[in-house]
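Novice: From the sequence below, what's the structure:
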Amino acid sequence: MEYSKIIAVTGLSGLFELVGSKSDGAIVRSLEDKSTKFVSSRVHSFSHLESIEVYTERDNVNLVEVFQVMDKSKEALPAEKDASSVKGYFQKVYPDMDFEKVYGSDMKKMVKWFSILKSNDVEFKIREVEEEEELLEETATVAAPAVEEAAEEKPKKKAAPKKAAKPKAEDGEATATEEAAPKKKAAPKKKKTEE
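Specialist: The predicted model follows:
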């Protein structure tokens, strides 16, 4: 089961796999009891786990990062209903979490969701990042020859047309351009005043 297909539904406890979507809702399968049902978008809101972020002391992190740390941790999961043990667990496992902004109910939910995901063998990774990396590699492989070909085919810039050389006048004769253009008068010089 892919992490990218897992959603939370407001008003319903637990997590669900998104089976299909319709214009007025979605067909979901519960990860706990495996029941499938239609959920109306007029009554409920859907949140992909991939889109959920957690406040930390620095930048927000994606929920999957917290799950990955929990997965690698040797700490035993606390009872999800015991608020103080849940908070203590996260203070040990993920001390960067902003405990003023992340509510106890959210931490309890994270523990519950983690347990559900583990029991369903869901791998904690975001699909989009991997797909973007693969797409970038493919684009780089395909684009490199195209860029080289385009560089070879690029037409050379045309040189700017040269200005016609001014004809030189014979001794004392004015040229046609000199005759046509009136001579410029020099601007009068300002007198310096002594102070």
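Novice: Looks like residue 47 contacts residue 12 (just checking).
Specialist: No - counting by C-beta atoms under 8 Å, residue 47 sits too far from residue 12 to count as a contact (11.5 Å). All C-beta spots, glycine's among them, are computed from the backbone N, C-alpha and C.
Novice: Flag every buried residue along stretch 28-36.
Specialist: Buried residues in stretch 28-36, defined by neighbour count with 16 or more other C-beta atoms under 10 Å: 28, 29, 30, 31.
Novice: and the gap between the last one and residue 121?
Specialist: Pointing back at residue 31 there. Remark: distance between residue 31 and residue 121 (C-beta to C-beta, to the nearest Å) = 11 Å.
Novice: same deal with the third one?
Specialist: Between residue 30 and residue 121 the computed distance is 16 Å (C-beta to C-beta).
Novice: how about the strands of the chain, start to end?
Specialist: For the chain, the strands defined by DSSP state E cover 6-9, 16-22, 25-30, 36-40, 46-48, 53-54, 61-62.
Novice: quick one: strands adjacent to the last one?
Specialist: To tie it back to what came earlier, the one meant is strand 61-62. Strand pairing for strand 61-62, using DSSP bridges, gives strand 53-54 (antiparallel).
Novice: again, but for the first one
Specialist: Partner strands for strand 6-9, per DSSP bridges, with pairing direction: strand 16-22 (antiparallel), strand 46-48 (antiparallel).
Novice: Same question for the third one.
Specialist: For strand 25-30, the pairing partners within the sheet under DSSP bridges are strand 16-22 (antiparallel), strand 36-40 (antiparallel).
Novice: where does this structure have low pLDDT?
Specialist: 128-195 (pLDDT under 70).
Novice: Quick check, residue 35 in contact with residue 29.
Specialist: Yes - the criterion here is C-beta under 8 Å, and residue 35 meets it with residue 29 at 7.1 Å.
Novice: so can I have CSV of the strands of the chain showing distance to residue 75?
Specialist: Compiled in CSV, the strands of the chain are given as follows (distance: least, C-beta to C-beta, whole Å):
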stretch, distance to residue 75
strand 6-9, 23
strand 16-22, 27
strand 25-30, 28
strand 36-40, 34
strand 46-48, 26
strand 53-54, 17
strand 61-62, 18
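Novice: what's the most buried one of these?
Specialist: Burial of the strands of the chain is given as mean neighbour count (mean count of other C-beta atoms under 10 Å); strand 6-9 ranks first at a mean of 20.
Novice: export that one as PDB, just CAs?
Specialist: Extracted as PDB, the C-alpha positions of strand 6-9 are listed here (Å, rounded to 0.1, in the frame of the first residue of the first chain):
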ATOM      1  CA  ILE A   6      -3.500   7.400   2.500                       C
ATOM      2  CA  ILE A   7      -6.000  10.100   3.700                       C
ATOM      3  CA  ALA A   8      -7.600  11.300   6.900                       C
ATOM      4  CA  VAL A   9     -11.300  12.200   6.800                       C
END
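Novice: Tell me how far the closest residue to residue 120 other than its chain neighbours lies from residue 72.
Specialist: Closest residue to residue 120 apart from its sequence neighbours, by C-beta to C-beta, 6 or more residues apart in numbering: residue 31 at 5.1 Å. Taking C-beta to C-beta as the measure, residue 31 falls 22 Å from residue 72.
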